[in-house]
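>>> No letters, just coordinates:
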């Protein structure tokens, strides 16, 4: 999901997790969108049947707002919050690093600097100075 781009598949995944049905969504969006029952049946059945609509974008702002509200504040901040390792990938929630590769990159960076001085390195004497 990038910016305001949300596909049928993204919305259907959230709806399954929340236990939303097409009837419940249609009732909630009655008067806000055209033919809500048919629209949400299409969205929730995306990817099944003869037509694959998983990549179809959702055009209704009210549906997009519901999606963002349900995912929480981490998604809204993802455009501004970036990974601490410096790769530039967006992070969400309480995460500081985007993925496992970023974590490994940070571990390697810390092990190269004596100032970080983890207890293991101090104990092993790696950074000890002999005169």
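That came through, no problem. All of these numbers come straight from a predicted model, not from anything done at the bench.
>>> buried residues in the longest helix anywhere in the chain?
The helix spanning the most residues in the chain, taking DSSP state H as the definition, is helix 100-112. With burial defined by 16 or more other Cβ atoms under 10 Å, the residues of helix 100-112 counted as buried are 102, 105-106. Placement of C-beta: from N, CA and C, glycine included.
>>> could I get these as CSV with pLDDT?
Formatted as CSV, the buried residues of helix 100-112 follow (pLDDT from 0 to 100):
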residue, pLDDT
102, 92
105, 91
106, 90
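>>> Run through the chain and note the low-pLDDT ranges.
Applying pLDDT under 70 to the chain flags the ranges 1-4, 47-51, 73-80, 113-131.
>>> who's in contact with residue 58?
6-8, 11, 43, 64, 67 (Cβ atoms under 8 Å, 6 or more residues apart in numbering).
>>> Of the residues you listed, which is the most crowded?
With neighbours defined as other Cβ atoms under 10 Å, the most crowded of those is residue 11; it has 23 neighbours.
>>> residue contacts, that residue?
Applying Cβ under 8 Å, 6+ apart, the residues contacting residue 11 are 43, 58, 63, 67.
>>> Show me which parts of the helix or strand hosting it are buried, residue by residue.
Element membership for residue 11, per DSSP states H and E: helix 8-18. Across helix 8-18, burial judged by 16+ other Cβ under 10 Å covers 8-12, 15.
>>> Relative to residue 38, which of these is nearest.
Taking Cβ to Cβ as the measure, residue 38 lies nearest residue 8 of the buried residues of helix 8-18, at 13.3 Å.
>>> What sits closest to that closest one if chain neighbours are left out?
residue 46 (3.7 Å; Cβ to Cβ, 6 or more residues apart in numbering).
>>> Against residue 68, how distant is residue 93?
14 Å (Cβ to Cβ, to the nearest Å).
>>> Looking at these two, which one has more neighbours?
For residue 93 versus residue 68, neighbours defined as other Cβ under 10 Å are more numerous around residue 68 (15 against 12).
>>> what's whichever strand or helix holds that one packed up against?
If you go by DSSP H and E, residue 68 is part of helix 61-71. Helices and strands touching helix 61-71, by 3 or more Cβ pairs under 8 Å, 6 or more residues apart in numbering; DSSP states H and E, are helix 8-18.
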